[in-house]
Structures are given as structure tokens and as C-alpha cells.
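> From the sequence below, what's the structure:
(chains A and B)
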Amino acid sequence: MNLREIVVEQAIVPRLSALDRDGVINELVGALIDADAAEASARDALVKKFLDREAKGSTGFGKGVAVPHVKHDSIPKMAAAIGLSAEGVDFNAYDRQPVYTVFLLLSPADKPEEHLQAMEVIFKNLSKDTFRRFLRQSGSVDEITELLTDADEQRIGG
Amino acid sequence: MTEFTATSLLLATFGLLLVLGVSLSRAVERLGFPIALLFLVLGMLAGSEGVGGVAFDDYRFAFQVGTMALVLILFDGGLNTSLRSVREAAAPAALLATAGVLITAAIVALGARLAGLDWKSALLLGAVVSSTDAATVFAVFRAGGFGLRRKISTTLELESGLNDPAAVILTVTLTQIAIGPSTLGWSLALIIPLQLAIGAALGVATGYASRWLLTRIRVSAGGLFPVITVGLALLTFGITTAANGSGFLAVYAMAVVLGNGPIPYKPGLRRIHDALAWVCQVSMFLMLGLLVFPSMLPAVALPGILLGLLLALVARPVAVVLCLLPFRFKRAETAFVAWAGLRGAVPIILACYPVLAGHPHGAELFNLVFFIVVVNAIVPGATLRWVSRRLGLFEHARPTPSAVLEINATSILAGRLLAFRISPQVAVCGAKISEIEFPPEAAVLLVVRDKRILAARGATVLNEGDRVHLFCRDEDVPFVTLLFGQPEDENS
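As a prediction, this is how the structure comes out:
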């Protein structure tokens, strides 16, 4: 499994307009719905699930990134959105620092193993300083997809 | 009767009361009464005018034992207070513990003056009952299975730890004024903040010094660590009080520093101090029950109960509303904090002080305080759960874990032992352990499901409600919490 398979290109938001955590989650769920990766009717339920997950412990694991993630029945195929915030968002993160990069992951409810694999792929890449820095500096969808491809082809070092 | 027989009889009675009290505690708690009250009643029954006939009227001894008990209770409270909650609730709690105490005391004093007390005694009475009780508040929130929002419970807990010092200073000063020739001193306004500042500074300093000591000292048995911590608590209290600081605040602050740092034998220390705090709490109430003479109570019953209601229904709410005004508390949250003004042993200990200092109305004040405390333990204590539901603040409490896994090492080990309760929201729920790609030094140790301990095999599927114990290095905590959610005890 690699990043390009997980991330839906139409759901990449290089400049998030929301300024708080709940707004960002809403915006990125909306991006996935617009990209037909999720059903519009499930929007409220999905947002609520993301917030429930955040209540169980922040998915902001530090260094300016957060990976909100949920499994849901209405999702046919795994899909992730990426959002970048120039201002930084308070995600109640592990290191208490603002979050600039958000990877929002939606998975089908019946495949916990795929969900986990995707989380690991995302985490592994976001743990790399170079990847995080390049991602944060990206200004357009094209730059981000190119970066994801580079990462998948192991062209980015630690 | 020989001294030996007398002592053994006394110990047998005390032991019986402890056993009886704790055995009844669950039933009493179901009714919503704080356990402390049960012990107070048992103490009264055992007293010279009750069926027990134990004669005890030594206010000095009660005051000394009470002070030590309070030191150990505050130490335990501090040990269990996370830095995170201090950060979250410091500002509102500090205001409640200072301005709140003054406002509460003033309103009760006004009521007491109207009830016929002279001004000096009325102010003293207000001061004595002005602080909420740390032990009672901790007990209600920790043992009661309350699922309150953290901001509310931490504010109340921190307030209760912080306001005893203010009440103590106020009581001691007002007692001096009441029995001495001086009038109400202007210096009072300076003394309180100064004592609190000294107390906080010395507390933090001794906390770091204690941490340094505990991590370096070599002891032959793990059981000696709690002996050191008890010693450190008493030492901190003594030094600070001698330096004109608030010893109680110092002990609390010192314990917070200690509890949030890497110290050896930490889970064991927590458990032992928790038990010690309970022993202190119940013994104190038993002793105070013995100290009350029921025959003297009817004379002050009516004013006592009325003043108790004034405290619960007017003084506390007014103080809380005013103090929380600058902070963003929802109306329901403010209302809950206002209602949760649980009083406990502190006012009763403080009420010994005027008696000891030779205050002419000392005994009368003591009996009034008795009623005020009982009313303010029963009224909010019995209704808190109901009130929290009515205000829409009740969240379901996490079930008490059926098993706890701890490492008690006499030196600090690298690596962490974390426990998670698997909720349906987290990524690992429904997954096999083998599907989780752990960092090299991390592993699930065991899974507790209902009452069974399961081996953590690759094929073991993590279900909702499982309690998972895992081991990892410090740097792997972010990854582990991303997959498992928040660990159950962040402090260990």
C-alpha cells in the first residue's frame, strides 16, 4: 500500500480556510464528499465520528501533523484527504504545538487491517523530517501529488 | 485497669470502628452521603455520650493529629494531580481559592453576625468554614465513578487543594485578633498572598529537591520509599510553616512536582499514599466524632443548620459566580462548581484552633462548625450526581479497570508501560495484534477481557472494551497513542 493509493487527489486542500480543529475536519470531509469518496448524506455522522475519535486522544502526534482517522460503514473504499494550514490549527496535539498538516483518513468499517496498514504508511512518511518539511512548503495540488509519488518511490530520505 | 489493657481496648474499639465504617461505606455511598459522615456518626456513637463511652476531649491532640492527617491528604492529592490539570485549571482554581475563600467567609460572617455572634467571632466562623475539603472532593470524583468533564473536576480538585491554606491563614490570623488586643489588622491583606507565595515557592523548591533525592538515594527495600516521602511531606510542611509560609500549600505543590516527575517506585508510592490518605481521612472523622458532645449540640442546632444552608445556597454560589466570571465557563458548569462546595474535616480541625488558643466562644464555634460542615457535606454530597445530570454535565465514567499492571522498580527504568481501553473509535479496534506494525522496542504484553487475562498472541483480536497493556520506548508514545488513543493513566 502506498500514499498515492490512499490519498484522493481531488481531496487535497493546499490552503485550508478553517482555522480550528472541528472546522478543518469538516472542510476535509467535505473535500472527500466533493471528490465522491464519501456520501454527502453521511457527512454529519462522519464529522461526529472524527470528533469522537479526537475525544479519545488527539491524533495530533506532534511535529505539526495530525492524522484524524475513522472507519465507517458508508465508505466503500479507503480514502484520505490532505489539508495544509498556513496559520496552524490547535489540535490539542501531543507536543502542544499547532498543526500545519492534516492527513484525514476514512476507511471501510469491515477492513480494520487495511485501515491499520494505511495508518502505518501515513505515519512512516510523516515521521520523516524531509517529507514533513516538503509537504508543508507545497503550495499546489500538483506539488503535493508529486511529493507523494516521490515518497512512494522511496526517493525521499529520512 | 492496667495501661496495657486500656490501650488494647482503645485499639480494639478504633479497629472495630474502622472495619465497621469501611464495610458500610458502599451502602452509605449509594445513598449519596460522603463516607466521611459515616465515620463522624460512628465516632459520636462511640463517644462518651454514645453507646461506646470513650471519653475524649483533647482538642490539642485532635489538632495535631488533624494537621498531620491533612498534610498527608494534601500530599496524596498533589501526587495525583497532573501538570496538565494544573495548567488547565490553575487560574480559576487560584481565584476561587483566594478571593472565593474571602467572599465565602464574609457572607457567612454576615449571617453569623445576624444570628447574634459578635463581629470577631462571626468573621472567625466564616474563615473556619470557608474552604472546600480536598479529601472529600477527591473522594467524590475519584471513587464516585463520576464522568464529569475534566475542566470542571480539575478546577474543583485544584481549588480544594489550594483553598485550605488560605482558610488556615485566615483562621489563625482572625483567632489572634479575636483573643489579642489588636483590632482587625490591615496586614491581613498582605499576609495571605505573602504566605501563599512563600508556600508555593518553597513547595516547588522542595519538590525538585525531593525528586533529586529520590532518584539518587539507595534503599535496601522498596517499602522504605514511602517512609521517605512521608518524611519529606512532613519536613516540607514544617520548614515552610517555620518560614512563615503556608505549609499546606507547600506540601501540595511539592507533591505535584514529585508526582509529575520521574521517580522510582511511583505506582507503589501512589497506592500507599492513597491508602494513607484514606486512613487519615476516616481516622480524623472518627476522632472528630468523639470530640463532639451531642448533648451540647441542640443549643446551636438551629443557627448551625441555617448558617450551613446559607453557606451552601448563598455564600458558595455567590463566591463561585463572581470568581468564574473572568473565565469562559458555561452557565451549567458554573452552577455545578457552585453546588459542589463540599466541606469536610478541614473546618473541624480549624475549629479546634480557637478552642486551643483560648477563645472565649471557642466551644460554641466548634459546635456551630459541626452543623455547618454536616449540612455542607450532606446537601451537595447527596445531590451532586443528580445535579450533574440535570445540568447535562454527566458523562459516563470509565469503568474501573479490573486489573492493573505496574512495574515497581527501585530505580528509574527507561521505557513505558501504558494501558489503553479499546474504544470502537480507535484504529486498532477489531484488528489482530499481528496486523499492528509495532516499532522494534514495543509490544503488547497482555490483554484483559472482562475477568480474563489473555496472552497477547499474533492472532488475538483486540475488541471494544479490552484493556491492553503495552510496553514501548518514550519516543514511540506518539505512534502508539495514534493507534490506541489516549493511555488510561498519563502519569505513570
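
> And the residue nearest to B:P92 when sequence neighbours are not counted, how close does it get to B:A335?
Leaving aside its sequence neighbours, B:P92 sits nearest to B:F327 (C-beta to C-beta, 6 or more residues apart in numbering or on different chains; 4.8 Å). Quick note: C-beta positions are derived from backbone N, CA and C, even for glycine. Using C-beta to C-beta, to the nearest Å, B:F327 is found at 14 Å from B:A335.

> Compare those two (neighbour count), which wins?
Using other C-beta atoms under 10 Å in any protein chain shown, the more surrounded residue of B:F327 and B:A335 is B:A335, with 18 against 14.

> Now chain A against chain B: closest residue?
Nearest residue of chain A to chain B (C-beta to the nearest C-beta) works out as A:G57 at 3.0 Å.

> Number of residues surrounding that residue?
21.

> Would you confirm that it contacts B:G485?
Yes: with contact defined as C-beta atoms under 8 Å, A:G57 and B:G485 form a contacting pair (4.1 Å).

> which neighbours do the two share?
Here A:G57 and B:G485 share the contacting residues B:V426, scored by C-beta atoms under 8 Å, 6 or more residues apart in numbering or on different chains.

> quick one: contacts for the residue sitting nearest the centre point of chain A?
Per C-alpha atoms, centre = their mean, the C-alpha nearest to the average position across chain A is that of A:F103, at 1.3 Å. Contacts of A:F103 were listed using C-beta under 8 Å, 6+ apart, and they are A:V65, A:A66, A:V67, A:P68, A:A80, A:A81, A:I82, A:I122, A:L126.

> same thing but 7 Å
A:F103 sits next to A:V67, A:A80, A:I82, A:I122, A:L126 when contact means C-beta atoms under 7 Å, 6 or more residues apart in numbering or on different chains.

> Dihedrals phi and psi, the residue in chain B positioned nearest to chain A?
Proximity of chain B to chain A (C-beta to the nearest C-beta) peaks at B:Q486, 3.0 Å away. Backbone torsions for B:Q486, taken as degrees, to the nearest 10, come to phi -70, psi 130.

> Around it, count how many other residues there are.
Neighbour tally, B:Q486, other C-beta under 10 Å: 16.

> cool, B:A221 as well?
A count of nearby residues for B:A221, using other C-beta under 10 Å, gives 8.

> Flag every buried residue along the helix or strand hosting B:S210.
B:S210 is part of helix B:188-216, with elements assigned from DSSP states H and E. Across helix B:188-216, burial judged by 16 or more other C-beta atoms under 10 Å in any protein chain shown covers B:192, B:195-196, B:198-203, B:205-207, B:210-211, B:214.

> What is it packed up against?
When contacts are defined as 3 or more C-beta pairs under 7 Å, 6 or more residues apart in numbering or on different chains; DSSP states H and E, helix B:188-216 packs onto helix B:150-179, helix B:225-242, helix B:247-259.

> Is it possible to get JSON lines of those helices that adds distance to B:A275 and mean neighbour count?
Listed next are the helices and strands packed on helix B:188-216 as JSON lines, based on distance: least, C-beta to C-beta, whole Å; neighbours: other C-beta atoms under 10 Å in any protein chain shown:
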{"stretch": "helix B:150-179", "distance to B:A275": "19", "mean neighbour count": "24"}
{"stretch": "helix B:225-242", "distance to B:A275": "10", "mean neighbour count": "19"}
{"stretch": "helix B:247-259", "distance to B:A275": "15", "mean neighbour count": "29"}
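
> Figure out which of those is closest to B:V65.
Evaluated with C-beta to C-beta, the helices and strands packed on helix B:188-216 place helix B:225-242 nearest to B:V65, the distance being 12.9 Å.

> Outside of that closest one itself, list whatever touches it.
Applying C-beta under 7 Å, 6+ apart, the set of residues contacting helix B:225-242 is B:71-72, B:75, B:198-199, B:202-203, B:206, B:210, B:214, B:217, B:219, B:246-247, B:250-251, B:254, B:264-265, B:268-269, B:272-273.

> Mind doing that once more with 8 Å?
Outside helix B:225-242, the residues that reach it (C-beta under 8 Å, 6+ apart) are B:68, B:71-72, B:75, B:198-199, B:202-203, B:206, B:210, B:213-214, B:217, B:219, B:246-251, B:254-255, B:258, B:264-265, B:268-269, B:272-273, B:276, B:410.

> so what does the helix or strand containing B:S283 touch, helix or strand wise?
Following DSSP H and E, one finds B:S283 within helix B:266-291. With contacts taken as 3 or more C-beta pairs under 8 Å, 6 or more residues apart in numbering or on different chains; DSSP states H and E, helix B:266-291 sits against helix B:3-30, helix B:35-46, helix B:59-79, helix B:134-143, helix B:225-242, helix B:345-356.

> Okay, now the unreliable bits of the stretch 1-150 of chain B?
B:1, B:32, B:134-135, B:138-149 (pLDDT under 70).

> can you rerun that using 50?
Of all residues in the stretch 1-150 of chain B, none has pLDDT under 50.

> related to what we said a few turns ago, next, work out how far apart the residue nearest to the centre of chain A and A:R96 are.
20 Å.

> just to revisit the earlier point, tell me the angle of the helix holding B:S210 relative to helix B:247-259?
Angle of helix B:188-216 versus helix B:247-259, following axes from the mean of the first three to the mean of the last three C-alpha atoms, to 10 degrees, is 30 degrees.

> I'd like the mean pLDDT over helix B:188-216, please.
In this model, helix B:188-216 has a mean pLDDT of 89.

> What residue spans form the domains of chain B?
Each domain of chain B is listed here as a residue range: B:3-395, B:416-484, per automatic domain parsing.

> just how off-centre is the first one within its chain?
Right, the one you point to is domain B:3-395. 7 Å (C-alpha atoms, centre = their mean, to the nearest Å).

> Quick check: residues of chain A near chain B?
Within chain A, the positions adjacent to chain B are A:49, A:52-53, A:55-59, A:61-62, A:67, A:69-71, A:94, A:112-113, A:115-117, A:119-120, A:123, A:127 by C-beta under 8 Å from any C-beta of the partner chain.

> in chain A, which spans are helices?
A:3-6, A:21-34, A:43-55, A:112-126, A:129-137, A:141-152 (DSSP state H).

> Find the nearest non-adjacent residue to B:V54, please.
B:V54 sits nearest to B:A46 (C-beta to C-beta, 6+ apart), 5.2 Å away.

> from memory that neighbour sits against B:A55, does it?
No: the pair B:A46 / B:A55 is not scored as a contact, 10.6 Å apart, by C-beta under 8 Å.
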